[in-house]
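**Student:** show me the folded form of this:
(one chain, ligands or ions: 2)
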Amino acid sequence: MLDRPPIKVGILGATGTVGQRFITLLSVHPWFAIHVLGASSRSAGKPYATAVNWKQDMIVEDCKPEAFKECGVIFSGLDADVAGDIETNTDQRAHFVRLNWPVFSNAKNYRRDPHVPLIVPLVNLEHLSMVSQQQALHSPPLKKGFIVTNANCSTTAHVIPLSALERKFGPIDTLMVTTMQAISGAGYPGVPSLDIIDNVVPYISGEEEKIEWETRKILGGIADVEPEQLVGEKMLQEFDLHAHTPLKISASCNRVPVTVGHMINVSVKFSRSPPPSPQQVCEALRAYRPGAQVHGTGAGVSVGRVRQCPVLDIKFVVLADNVSIGAATSSIINAEFAVLKGVVG
Ligand SMILES: NC(=O)C1=CN([C@@H]2O[C@H](COP(=O)(O)OP(=O)(O)OC[C@H]3O[C@@H](n4cnc5c(N)ncnc54)[C@H](OP(=O)(O)O)[C@@H]3O)[C@@H](O)[C@H]2O)C=CC1
Ligand SMILES: N[C@@H](CC(=O)OP(=O)(O)O)C(=O)O
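**Tutor:** Ligands and ions are numbered 1, 2, ... in the order given. Sure thing, here's the model as predicted:
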């Protein structure tokens, strides 16, 4: 239990697929109380029920900071076309962040920023430590504002078992992933029905590059920059992008006619030789206890068909709820951890 009154939260992109999941999860959350809902000017001014044909009776606001004054935390499910400017603005890390809000975002815009943590809560909560450097390097320095992102939904799915395996068996050297991604991952209205009914679309724009890059940031660590530099009294740090063992990754992405749930075929080659057996891999996955304790539907991933790979070492299948652990649930756990660590004031 948290020994304080619930923190008022605002949701940007509240009318979208991820926004609606935020509302479902936060409406019963013991620490966070939904206070303001924001979306585009198409929805602003309408009761939420009208804007999304749903059941809440709050008025949707424009995503302008004035409406969010009383909120202590901002969750964002904004379309990436607008998230960059609204969350932080092109003027460095401005807007909601510059105005000193902690922002937990699902959008891709700041995932590659060298000072922005990209956190999958079952894997790398320790990357939250980069927030203080992000605040110190902002001009002017920020006291409370920061942005933490969560990953692409397919990346999120596969890094969870991969992290379990790296912790037990050491670095992974090569990774081949083939995704079968649900249509809810593409937002609304998303993929045209005539493209996806009775079909598989073997291309998702930008997805393969995101999976290949984000996996390295999430599975990698944080290291002091060389030559040494100081930020205040602390060493300047950087994400090492798995530099200790360059990780070769090849991703192939497909859209399939499924409403929710991304399924991923994964083959891995370990650095160590001999590699673990399928049975040892199963035992390691069962024994994995991530730093974050998660409860609730869609808050984990399922792994099956663990077997020998005749080309690499081991192959298996992962299934994840792209809207929950792939999006809203991860943001919420990241925020819970930030509250516990005192990073959210
Ligand atoms: N769906 C998924 O499985 C996952 C999605 N993500 C990411 O999360 C984000 C949201 O995705 P999703 O919910 O699927 O997208 P949707 O298309 O369903 O929702 C987008 C939201 O952004 C709002 N919006 C659009 N334009 C503007 C604007 N100009 N100003 C203010 N608000 C605006 C929309 O409001 P309005 O209704 O008024 O248009 C809506 O609330 C994206 O960045 C996506 O890449 C990440 C992981 C998984
Ligand atoms: N692109 C993913 C959804 C997602 O996570 O996107 P992004 O990485 O841009 O937030 C899908 O279509 O299933």
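**Student:** where does pLDDT dip in the stretch 201-345 of the chain?
**Tutor:** Across the stretch 201-345 of the chain, no stretch falls below the confidence threshold (pLDDT under 70).
**Student:** kindly report the residues of it close to ligand 1.
**Tutor:** Within the stretch 201-345 of the chain, the positions lying close to ligand 1 (Cβ under 6 Å from any ligand atom) are 322-323, 326-327. All C-beta spots, glycine's among them, are computed from the backbone N, C-alpha and C.
**Student:** hmm, try it at 8 Å
**Tutor:** Contact residues, the stretch 201-345 of the chain versus ligand 1 (Cβ under 8 Å from any ligand atom): 262, 322-323, 326-327.
**Student:** can you add secondary structure and neighbour count and give the residues you listed back as a markdown table?
**Tutor:** Below are these laid out as a markdown table (DSSP: H, G, I helix; E, B strand; the rest coil; neighbours: other Cβ atoms under 10 Å):
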| residue | secondary structure | neighbour count |
| --- | --- | --- |
| 262 | strand | 29 |
| 322 | coil | 26 |
| 323 | coil | 27 |
| 326 | helix | 31 |
| 327 | helix | 27 |
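**Student:** so which of those reach ligand 2?
**Tutor:** Checking those against ligand 2 by Cβ under 8 Å from any ligand atom, the ones in range are 262, 322, 326-327.
**Student:** and those residues, which two are furthest apart?
**Tutor:** Distance extremes for those: the farthest pair is 262 and 327 at 10.9 Å, using Cβ to Cβ.
**Student:** for those two, list the residues in contact with both.
**Tutor:** residue 153 (Cβ atoms under 8 Å, 6 or more residues apart in numbering).
**Student:** in which helix or strand does residue 35 reside?
**Tutor:** Counting by DSSP states H and E, the element that carries residue 35 is strand 32-39.
**Student:** dump the C-alpha coordinates for that strand into CSV.
**Tutor:** These are the backbone C-alpha positions of strand 32-39, laid out as CSV (Å, rounded to 0.1, in the frame of the first residue of the first chain):
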residue,chain,number,x,y,z
PHE,A,32,-3.7,6.8,-9.4
ALA,A,33,-7.0,8.7,-9.9
ILE,A,34,-8.0,9.6,-13.4
HIS,A,35,-8.5,13.4,-13.4
VAL,A,36,-8.2,14.7,-17.0
LEU,A,37,-8.7,13.1,-20.4
GLY,A,38,-7.1,14.6,-23.5
ALA,A,39,-7.4,13.9,-27.2
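**Student:** so stretch 15-31, near ligand 2 or not?
**Tutor:** No - counting by Cβ under 8 Å from any ligand atom, ligand 2 has no neighbours in stretch 15-31; the shortest distance is 8.7 Å.
**Student:** what's next to that stretch, contact-wise?
**Tutor:** By Cβ under 8 Å, 6+ apart, the list of residues contacting stretch 15-31 reads 1-2, 6-7, 9, 11-14, 32-34, 37, 39-40, 43, 48, 51-52, 54, 56, 60, 75, 77-79, 106, 184, 187-188, 296, 323-324, 327-329, 331-332, 336, 339.
**Student:** in that stretch, what's buried?
**Tutor:** For stretch 15-31, burial by neighbour count (16 or more other Cβ atoms under 10 Å) applies to 15-23, 25-26, 29, 31.
**Student:** make JSON lines out of the residues you listed and add secondary structure, distance to ligand 1 and pLDDT.
**Tutor:** Converted to JSON lines, those look like this (DSSP: H, G, I helix; E, B strand; the rest coil; distance: Cβ to the nearest ligand atom, whole Å; pLDDT from 0 to 100):
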{"residue": "15", "secondary structure": "coil", "distance to ligand 1": "3", "pLDDT": "94"}
{"residue": "16", "secondary structure": "coil", "distance to ligand 1": "2", "pLDDT": "95"}
{"residue": "17", "secondary structure": "helix", "distance to ligand 1": "4", "pLDDT": "95"}
{"residue": "18", "secondary structure": "helix", "distance to ligand 1": "3", "pLDDT": "96"}
{"residue": "19", "secondary structure": "helix", "distance to ligand 1": "5", "pLDDT": "96"}
{"residue": "20", "secondary structure": "helix", "distance to ligand 1": "8", "pLDDT": "94"}
{"residue": "21", "secondary structure": "helix", "distance to ligand 1": "8", "pLDDT": "95"}
{"residue": "22", "secondary structure": "helix", "distance to ligand 1": "9", "pLDDT": "96"}
{"residue": "23", "secondary structure": "helix", "distance to ligand 1": "11", "pLDDT": "95"}
{"residue": "25", "secondary structure": "helix", "distance to ligand 1": "13", "pLDDT": "94"}
{"residue": "26", "secondary structure": "helix", "distance to ligand 1": "15", "pLDDT": "94"}
{"residue": "29", "secondary structure": "coil", "distance to ligand 1": "19", "pLDDT": "93"}
{"residue": "31", "secondary structure": "coil", "distance to ligand 1": "22", "pLDDT": "95"}
